[in-house]
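**Student:** Below are the sequence and a predicted model; questions follow.
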2 protein chains.
Amino acid sequence: MRTGRIPVGHYLNALFAPKSVAIIGVSASSRRSGNVFLDRLRKNGFEGRAYAVGRNGGVVDGEQIYRSVADLPEVPDLVFGAVGAQATPQAMIDAAKAGVQVGIVFTAGFAEMSSDGAEVQRDMVARCNELGMRVVGPNCMGVFSTGSRMNLTDVESLDPGPIGFASQSGNIALSVFDVAKRHDLGFQTFVSFGNQADIPVADYVEHMAQDDAVEIILLYLESLQENVGPDFIARCRAVAARKPIVAIKGGVTDAGRRAAASHTSRLSAAEDIYDAAFEQAGIVQVRDLDHVVAVVEALLRCPPMKGGNVAIVGSGGGHSTVGTDAVERAGLTVPAFDQELKDTFGGYLPPWAPMSNPVDMTGGFTEDLTLFQTLMRYPLSKPEFHGGLSYGLYGEGWRPGLVDDNGLTFRTAAPLFAALQRELGKPIVFYTPFAKDFEESFSEMRRSGVPCYGSLAEAAAGLAALQKRGAFLARLDGLQRTEPDPRQPGAGSGFTLTEHESLQKIAAAGVPAVRQELVSSAEEAVAAADAMGYPVVLKAQLTDVAHKSDVNGVRLGLTTADEVAAAFQQMSSIPGAGGAVDCTVSQQITGDRELLLGIRKDVTFGHTVVIGVGGVLTEVAARVAVLIPPLDAAEFAAAIERSPVAAYLGAWRGRPAVDLQELHRQVTALHEMCRADESVESVDINPLMAVGSDLRAADAAVVLESEPARGVHDVR
Amino acid sequence: MRTGRIPVGHYLNALFAPKSVAIIGVSASSRRSGNVFLDRLRKNGFEGRAYAVGRNGGVVDGEQIYRSVADLPEVPDLVFGAVGAQATPQAMIDAAKAGVQVGIVFTAGFAEMSSDGAEVQRDMVARCNELGMRVVGPNCMGVFSTGSRMNLTDVESLDPGPIGFASQSGNIALSVFDVAKRHDLGFQTFVSFGNQADIPVADYVEHMAQDDAVEIILLYLESLQENVGPDFIARCRAVAARKPIVAIKGGVTDAGRRAAASHTSRLSAAEDIYDAAFEQAGIVQVRDLDHVVAVVEALLRCPPMKGGNVAIVGSGGGHSTVGTDAVERAGLTVPAFDQELKDTFGGYLPPWAPMSNPVDMTGGFTEDLTLFQTLMRYPLSKPEFHGGLSYGLYGEGWRPGLVDDNGLTFRTAAPLFAALQRELGKPIVFYTPFAKDFEESFSEMRRSGVPCYGSLAEAAAGLAALQKRGAFLARLDGLQRTEPDPRQPGAGSGFTLTEHESLQKIAAAGVPAVRQELVSSAEEAVAAADAMGYPVVLKAQLTDVAHKSDVNGVRLGLTTADEVAAAFQQMSSIPGAGGAVDCTVSQQITGDRELLLGIRKDVTFGHTVVIGVGGVLTEVAARVAVLIPPLDAAEFAAAIERSPVAAYLGAWRGRPAVDLQELHRQVTALHEMCRADESVESVDINPLMAVGSDLRAADAAVVLESEPARGVHDVR
């Protein structure tokens, strides 16, 4: 296993490449956790110096147990704390006092346990930090480093390889280790960070980015620390420009977030915000844990795809059908071949062989192994195809013995596919259901650079990841790197301004509103309507109602003075309004379409923006773009383009596209307003009416952290 | 392996339980396919009489080769044809003449190859049928029957078990066999039906339904035969009431359908029509091939779920998080536990253990194995929980040796979970990442009745299938069995009536339209508008334009005579209309919401109904219910209820729900119209305006198979 250049001067060298390690919690009289880790460290051939620490001292396996880190003959780079939760803080602080750079707290029983535990954890970390020591964990499963031959994890041994892996969960890491072995993959560095009380994930990512032997970075995340979101995005994007980053997000459903929160003590942002964060950072997200190693394998072995068109050439009808479905379901396209290609294939295949993509060579043709390579070359040589899926050789696969005895094996196929992939710079992945079993036979394929999958869904996930990676790299050139937003979001339960107050507040920030007047009587309402012209909309001004239409607080399409007066009277009888409700009279305008534009504070990512289908169809359409500022105009347009609302915002049945520059200007203005006014919890504009290139708010709700002290009318 | 009662008098007994079989295509001088199949049949211990047939006669392995089926000492029940495509038709017809009941055509090179091949296939089947013989294939992989110890497939041997499996593809079957073995599952009967030239799939399903030893029926389908759709639904639903049916559909994307069509010679209906068909038939559909055996395992071993609420009790934080996500993504719910349950768990677990669903017992607690059972009992004893997921025992799993040496093994856990499942009548499934490896250790769990999965996504798919099954069984009681629709859909390229003609046609059938007049001049337009009252809508009457608004053929919101006149003039200038276009003037009404209602002919399922979000948001919302008539009012309501448009049609922001009885009446009326008038290709009403309980078409397009001979105006 080659070992890369260690990042120069990075503080995490003390974690991933320590010259000396002390295990705290070793006993001379009984076999404690500390003893197990010390044994494992030595058995795995740690290249540095390892020390045993235990409060009772003594000797274990002929080596001295020191009573404290301060007693050691040198200051170790790293300490590993495996004592009880009670004794942990003092042990860590003692190590920090001795000058240790990084401490791992394996022990559980801190923030994930109780609010008392959280306080103990906070104090311990603060004290260690003051003394210059950084902390991994608590409640974690340790660290592994091929470069140092250091195994301080819960598993006996780990295969070395090119993956850098940072996981919030130890159990998930165990599953990934197991599956990676089946794909002939191993790890350069691994860290389990549990409660992530101190070190932010981006630090691990950056260290792995600087380690030449790490070729791909894998993250299992349930949450990030508070407020670090924009920083995480900016730093990961810088890394992703050079090395692929793959992430699995646990806790994506409401119930899953509840599970994650109780397990690692952190509150997680909603799924769609993480989706946006990963997209913006160029991180390839994997939704199904079963597919994560498949995706890593593809990104490691293959060049990225420069588009989404896949050519499928294999042998076996059913698998060609299911494989085509899988590839298209993964978001890629399997375009039909043109006549020229079909004619070409006709020169090799019998007339009944399907040749229009997928190409099914049919069983008999597996006899000539080179045909797989020959036929795949034709579509992949064309610029309109970006990657290939091959499958088959079944005739040779499922009869025991033939795999190794026959000339037509997966092993002999490997160099042919690999050469084609290198020559064309386009990925080829291979599927056979037998890749689940005959592991060694497929290793040759993998070593040559062709991923080999036992599942069509995994093969499709691998290709989709290569397309995502390619799209990110293509996008990167056009985008400027933006600085992380250092502001801190707050938290609160909220006080909702009235519609009129809300529209005034956003208008002041730069988002124009429809013409509107606040009225307190039927007479005022009629006068206002007469002045602005019919039809008009009448709306009750309520501060605690999310959907005014649910309480009949909105009347659209009023075309006469009588209708306006009658509607005003009716609104005075809204339950709870006590007959004294103010109303607004607004011009009723018809737009090309109605948008939803919202901003809210997230505990991790700060202000996040939602753009979606507006009007009464908001919930029904349920399609939104989630964006995490800051975004320049190009990034904004790119993010909209790849979101589910792209079609809705585009030109459409004769209506012009929404002006994205103007939308970006308004989003930026609202974001600035929220940053400048810490009291703003959220802003919802719905509908934002698009009329030509004009965008105009017709209704809005601004939520403040709490009721303003001087009365709500002062905010105008 | 127990063998069930063979269905009495079913013609497919000749296929699945033959007393005698003849293999056609055996040679004395060389080893042909026929020889391979004959050997395999004998090696697998076939209990009936096996005969060799080959045109050159001779002797093989001491047994006579007969020159023709007619020469055999008895008329065999079944013949298996493994001769070349050229020789196949005569061989099959000879067998039919001799009185054989069923013939299997293993050979490829018929309809899947060319239109000539299709004709040969059609003629062969027609001739065989006339002579009283039914045909399996061509282009298939044979048949297997545990009851007869008969293996006439492409695999050396197959494990016996409770599954009945009918697969359109041989390769997919190979994959399923392989995965089934890993789940300790085997097959009672298997048939690969390839081109399905003769026997409809429902016949296999019904035979398996009548075979007591078949406990579950699995289908891999790429397509059904033309016109058999409604019959398939009705017959499968009758079977599904007694035994679960699971289906994988290949060829669901456009490209996948292209692949399937070229592979098995059949044109497939769109994905959403099959989705509707499986739903209506009570068939559990599996979308990911990787999950199909997991689903079969759950349905075989566990009782169905009577709701969608899952309790998760295990050990291991990361897996509890990812597992909760997987279960919720599969469409189930993981509701938080109430305080009473949490207090109960608090009596068993340390305070830091997550207890609010999922329950994470944390590592230390795997020491008491019964705790898994004890804690799972509490939520599953409550009526609001319908199934359980457990996972863990890792402490014992990943240290080699412990699995079998330690008391706390999966083996000893098995009877505890199984007893709880039996006692409560609610399913419990188990997950551990190690179920991929230690197969025998998990077999005990499976044999006891608890599915054991190596993937959280598979475990979730298993539970989701049990919920689907439970929901179908619950629904069944309220539904009447409907007879299949015997009418045959046609095919054609279509001639679109004008909007006005279309509205008149559907109004005659019973779907009321908005007030509308056909006008030929600006003056007539103004007069009509004056008569019906403003605002009005003006629409150009074009026969070949799908979206009139794309060509400015629609003007909404005209409020004065001048606007109407101007709009009329403008429409006369629509490109291609040549200045002579007629228009309609319609009342502009505002509804509670706008629906889409469409009917079109499908080659397999006949008339299918689409109900969705109407108006300009049809494409953006992209949510529809697909229904296959006939459906009575209760079935109709149930199908709407489980569709993605249920929320849109329900009560909503103060608007009343759409009247489903009236909608059902209109759907039925349109369906009757289409059945009565064979020339109608499709009907699209968009929008169908819902105003209170009223439903009224505001625009429609009726497409006929071809232009009516007597001029389109005659249809009025």
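**Tutor:** It's in. Since the model is a prediction, treat every value here as computed from it, not as a measurement. Residues are numbered from 1 along each chain as shown, chains lettered A, B, ... in the order given.

**Student:** How about the stretch 1-150 of chain A: which residue is closest to chain B?
**Tutor:** Using Cβ to the nearest Cβ, the closest approach of the stretch 1-150 of chain A to chain B is made by A:Met113 at 3.0 Å. Heads up, the C-betas are built off the backbone N, CA and C, glycines and all.

**Student:** Leaving out the residues flanking it, which one is nearest to that residue?
**Tutor:** Nearest residue to A:Met113 in three dimensions, chain neighbours excluded: B:Trp352, at 3.0 Å (Cβ to Cβ, 6 or more residues apart in numbering or on different chains).

**Student:** just checking, that neighbour touches A:Ser115?
**Tutor:** No - using Cβ atoms under 8 Å, B:Trp352 is not in contact with A:Ser115; the gap is 11.2 Å.

**Student:** Neighbour count: these two, which is higher?
**Tutor:** Higher neighbour count among B:Trp352 and A:Ser115: B:Trp352, with 21 against 9, using other Cβ atoms under 10 Å in any protein chain shown.

**Student:** Whatever residue of the stretch 201-350 of chain A ends up closest to chain B in helix, strand or coil?
**Tutor:** At 2.6 Å from chain B, A:Gly318 is the closest residue in the stretch 201-350 of chain A, using Cβ to the nearest Cβ. Using DSSP: H, G, I helix; E, B strand; the rest coil, the structure places A:Gly318 in helix.

**Student:** doesn't B:Gly250 make contact with it?
**Tutor:** Yes - between A:Gly318 and B:Gly250 there is a contact under Cβ under 8 Å: 6.3 Å.

**Student:** Quickly list what's touching both of these two.
**Tutor:** Residues touching both A:Gly318 and B:Gly250 (Cβ atoms under 8 Å, 6 or more residues apart in numbering or on different chains): B:168-169, B:172, B:220, B:222.

**Student:** just checking, A:Asp602 touches A:Thr608?
**Tutor:** Yes - A:Asp602 sits in contact with A:Thr608 when judged by Cβ under 8 Å, with a separation of 5.1 Å.

**Student:** Common neighbours of the two, please.
**Tutor:** Overlap of the contact sets of A:Asp602 and A:Thr608 (by Cβ under 8 Å, 6+ apart) consists of A:Ile273.

**Student:** okay, these two: which has more neighbours?
**Tutor:** More crowded of A:Asp602 and A:Thr608, by other Cβ under 10 Å: A:Thr608, with 26 against 21.

**Student:** That one looks like it's in a strand, true?
**Tutor:** Yes - assessed with three-state DSSP, A:Thr608 lies in a strand.

**Student:** In three-state terms, label the closest residue to A:Val702 other than its chain neighbours for me.
**Tutor:** Leaving aside its chain neighbours, A:Val702 sits nearest to A:Ser502 (4.1 Å; criterion: Cβ to Cβ, 6+ apart). The three-state label given to A:Ser502 by three-state DSSP is helix.

**Student:** For A:Gly164, what is the enclosing helix or strand?
**Tutor:** In this structure, A:Gly164 is located in strand A:160-167 according to DSSP states H and E.

**Student:** what about the one helix or strand A:Leu371 maps to and chain B, touching?
**Tutor:** Secondary-structure assignment from DSSP H and E places A:Leu371 in helix A:370-380. No - figure legend: helix A:370-380 not in contact with chain B (Cβ under 8 Å from any Cβ of the partner chain); closest approach 13.5 Å.

**Student:** Okay, buried residues for that helix please.
**Tutor:** A:371-380 (16 or more other Cβ atoms under 10 Å in any protein chain shown).

**Student:** residues from the stretch 301-450 of chain A in reach of chain B?
**Tutor:** When proximity is defined as Cβ under 8 Å from any Cβ, the stretch 301-450 of chain A approaches chain B at A:312, A:316-322, A:324-329, A:333-336, A:351-352, A:354, A:356-358, A:360, A:362, A:394, A:398-399, A:433-434, A:436-437.

**Student:** Name the nearest residue to the residue of the stretch 201-350 of chain A closest to chain B, sequence neighbours excluded.
**Tutor:** Using Cβ to Cβ, 6+ apart, the nearest residue to A:Gly318 is B:Ser169, at 2.6 Å.

**Student:** List the residues that contact the one residue sitting closest to the centre of chain A.
**Tutor:** Closest residue to the average C-alpha location of chain A: A:Phe278 at 3.5 Å, with Cα atoms, centre = their mean. Contacts for A:Phe278 (Cβ under 8 Å, 6+ apart) come out as A:247, A:249, A:284-285.
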